[in-house]
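Undergrad: have a look at this prediction, sequence included:
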Amino acid sequence: MGNKKMNISTFIGCDKSYEEASLVLFGVPFDGTTSFRPGTRFAMQAIRTDSYGLETYSPYLDRDLENIAVFDGGDLDLPFGNTEKVMDIIFEYSRDVLNDGKKFLMVGGEHLVSLSSIKAAYEKYPDLHLIHIDAHTDLREHYLGEKLSHASVIRNCHEFLGDGRIFQFGIRSGLKEEFEWAKEHTYLEKFSLDTFAEKMDELADVPVYITIDLDVLDPGVFPGTGTPEPGGISYRDLLGAIGHMQKLNQIVAADVVELSPPYDPSGASTAVACKTVREMLLTLGE
């Protein structure tokens, strides 16, 4: 399971001890329900290595990782072939971090892994609201009979969050039934993040969890993912959204998911994921 005592290989600037850290970074190397192209289990390992091509300072946010205490807990030890057990492990680790008075940034892995971390945040913050940035609705009741699927992660979250708590942006793929269901149960902006700033104003003072599926980006920017969807946003758009997140006063946790390094041997997608992780650490650490 994630290591709470020492860090050996860390994301750049994330070398504080667990005890002194206010923010925990950890990886979840799981892609067991991936329906198209697997490989996201390798994401965090690639991100850690590639992070040393980054600076700890963000000129976008004018903040530096050297000025916040971040512990990199490594990757969770997960069994193969047992999705329910994997979900329990993620939930327990996320819950423990939150109960220790810390925030976390989880890095997947496929998008299903977010479910357990969001559930842990909801357990501690019953008024939790969810910001979901993604190309896909993820609102299916099940995928090929499986309720625990990356294609149903947000629908599963709705079961405990309920109506009026889920805000979806950049969505451009899903069943017609999913889009119709969303009209009654979530806030869903198709294709863009044009209303993102406005919604951050509305959510400024409530507990918020942010989940970023990197396939929201156009494949021309981010080809290294399992389910690429043409017509996506630019990286500048995503950075703009992260800028607007600074309006939020109660971000309790977040995740970044769906980098699959094998599908972009150039390394450009991993570089994009690295910078996103840095910006989200700085956003949580403020």
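TA: Structure received.
Undergrad: any stretches of the stretch 151-286 of the chain with poor pLDDT?
TA: 151 (pLDDT under 70).
Undergrad: run the last query once more with 50
TA: For the stretch 151-286 of the chain, applying pLDDT under 50 flags no range at all.
Undergrad: can you give me the helices for it?
TA: 153-161, 176-185, 196-202, 235-244, 268-285 (DSSP state H, counting those that start in this stretch).
Undergrad: would a markdown table of these with mean neighbour count be doable?
TA: Yep, even glycine has a C-beta here, placed from its N, CA and C like the rest. As requested, those are exported to a markdown table (neighbours: other CB atoms under 10 Å):
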| stretch | mean neighbour count |
| --- | --- |
| helix 153-161 | 21 |
| helix 176-185 | 14 |
| helix 196-202 | 15 |
| helix 235-244 | 18 |
| helix 268-285 | 22 |
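Undergrad: against Ile90, how distant is the nearest residue to Phe80 once chain neighbours are set aside?
TA: Once flanking residues are discounted, Phe80 sits nearest to Gly32: 7.5 Å by CB to CB, 6 or more residues apart in numbering. From Gly32 across to Ile90, the span is 12 Å (CB to CB, to the nearest Å).
Undergrad: those two: which is more packed in?
TA: Ile90 (28 against 20; other CB atoms under 10 Å).
Undergrad: export the one helix or strand the more buried one maps to to CSV, keeping only CA atoms.
TA: Taking DSSP states H and E as the criterion, Ile90 maps to helix 83-99. Only the C-alpha atoms of helix 83-99 are listed here, as CSV (Å, rounded to 0.1, in the frame of the first residue of the first chain):
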residue,chain,number,x,y,z
THR,A,83,-11.7,-4.6,-8.9
GLU,A,84,-13.7,-4.5,-5.7
LYS,A,85,-10.6,-5.1,-3.6
VAL,A,86,-8.8,-2.4,-5.5
MET,A,87,-11.6,0.1,-4.8
ASP,A,88,-11.5,-0.7,-1.1
ILE,A,89,-7.7,-0.1,-1.0
ILE,A,90,-8.0,3.3,-2.7
PHE,A,91,-10.9,4.3,-0.4
GLU,A,92,-9.0,3.3,2.8
TYR,A,93,-5.9,5.2,1.8
SER,A,94,-7.8,8.3,0.7
ARG,A,95,-9.9,8.2,3.9
ASP,A,96,-6.8,7.9,6.1
VAL,A,97,-5.1,10.9,4.5
LEU,A,98,-8.2,13.1,4.9
ASN,A,99,-8.7,11.9,8.5
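Undergrad: ok, then the element right after that helix?
TA: strand 103-108.
Undergrad: just checking, what packs against the helix holding Ile90?
TA: strand 23-28, strand 103-108, helix 114-124, strand 251-257 (3 or more CB pairs under 8 Å, 6 or more residues apart in numbering; DSSP states H and E).
Undergrad: residues in contact with the residue nearest to Ser269 when sequence neighbours are not counted?
TA: The shortest distance from Ser269 to any non-neighbouring residue, by CB to CB, 6+ apart, is to Gly224 (2.8 Å). Neighbouring residues of Gly224 by CB atoms under 8 Å, 6 or more residues apart in numbering: 259-264, 268-270, 273.
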